[in-house]
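S.K.: got a sequence here, can you model it:
(chains A and B)
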Amino acid sequence: ELKVEQNPLFLSMQEGKNYTIYCNYSTTSDRLYWYRQDPGKSLESLFVLLSNGAVKQEGRLMASLDTKARLSTLHITAAVHDLSATYFCAVDKSGNTPLVFGKGTRLSVIA
Amino acid sequence: NAGVTQTPKFQVLKTGQSMTLQCAQDMNHNSMYWYRQDPGMGLRLIYYSASEGTTDKGEVPNGYNVSRLNKREFSLRLESAAPSQTSVYFCASRDSNKNIQYFGAGTRLSVL
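M.R.: Below is the predicted model of the structure:
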């Protein structure tokens, strides 16, 4: 059974600081996804990582995938308040299988 | 640019009542999904449909039924609502080419 674990589950960070969110998964896969959810809103796709060593960057966020370690990281550089949200990672085994989500990391960026 | 449309957005039910949550997508996607989101639990898959005419159980299917009416529509039915089904329900469809799953705005359901 595929399980996805994120840590930390809660993160309060100061503006301008850097931090990393970790996503571990339990079975072999080279497909990992990051989503963002604002309070009371739906989920929005951030990154799609489909191979070992894949790295994607968008603004202050950078995601990477190490399939051998079954680990993805979401790195936040010089955090700003607008990044406050819940971030989910999700994994599937193929394009025909459903995504399995982690429990999410609630990020709060404070001045 | 409708994307994935869910109705209703909010609903309050009494225990034992039934209702159907509607979902439609206009992106010609084959795969559609129903999730529930509870505090601290992330998103859990209820049912999914890999293509028109097929449905499969997810992680938490008990108490729910689904219908893939056609390629566009995938509905979720609660036959006899229970307080444990109080949750936020999200419908999603998947673009298999871009590997992106698009979510609806959600239905906030309270069962009293």
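
S.K.: what does chain B have sitting close to chain A?
M.R.: Applying CB under 8 Å from any CB of the partner chain, we find that chain B lies next to chain A at B:31, B:33, B:35, B:40-45, B:48, B:50, B:58, B:90, B:92, B:96, B:98-106. All C-beta spots, glycine's among them, are computed from the backbone N, C-alpha and C.

S.K.: go with 6 Å
M.R.: Counting by CB under 6 Å from any CB of the partner chain, the residues of chain B close to chain A are B:42-43, B:45, B:48, B:96, B:99-100, B:103, B:105-106.

S.K.: and B:M41, how many neighbours?
M.R.: Each residue near B:M41 was counted by other CB atoms under 10 Å in any protein chain shown, and the total is 13.

S.K.: ignoring the adjacent residues along the chain, who's closest to it?
M.R.: In space, and not counting its chain neighbours, B:M41 is closest to A:K103: 6.4 Å by CB to CB, 6 or more residues apart in numbering or on different chains.

S.K.: got it, and A:A79?
M.R.: In this structure, A:A79 finds its nearest non-sequential neighbour in A:V109, 4.6 Å apart by CB to CB, 6+ apart.

S.K.: list the contacts for the one you found?
M.R.: A:13, A:15, A:79, A:81, A:83-84 (CB atoms under 6 Å, 6 or more residues apart in numbering or on different chains).

S.K.: likewise B:F90?
M.R.: Contacts of B:F90 by CB under 6 Å, 6+ apart are B:35, B:103, B:106.

S.K.: state the distance from B:S67 to B:T54.
M.R.: Remark: distance between B:S67 and B:T54 (CB to CB, to the nearest Å) = 12 Å.

S.K.: neighbour count: these two, which is higher?
M.R.: A direct count of neighbours by other CB under 10 Å for B:S67 and B:T54 places B:S67 higher, at 14 against 11.

S.K.: who does the helix or strand where the more buried one lies pair up with?
M.R.: Using DSSP states H and E, B:S67 maps to strand B:64-68. Within its sheet, strand B:64-68 is paired with strand B:74-78 (antiparallel), according to DSSP bridges.

S.K.: do a quick rundown of the strands in chain A.
M.R.: A:4-7, A:10-14, A:19-25, A:32-37, A:43-49, A:55-58, A:61-66, A:71-76, A:85-91, A:100-101, A:105-110 (DSSP state E).
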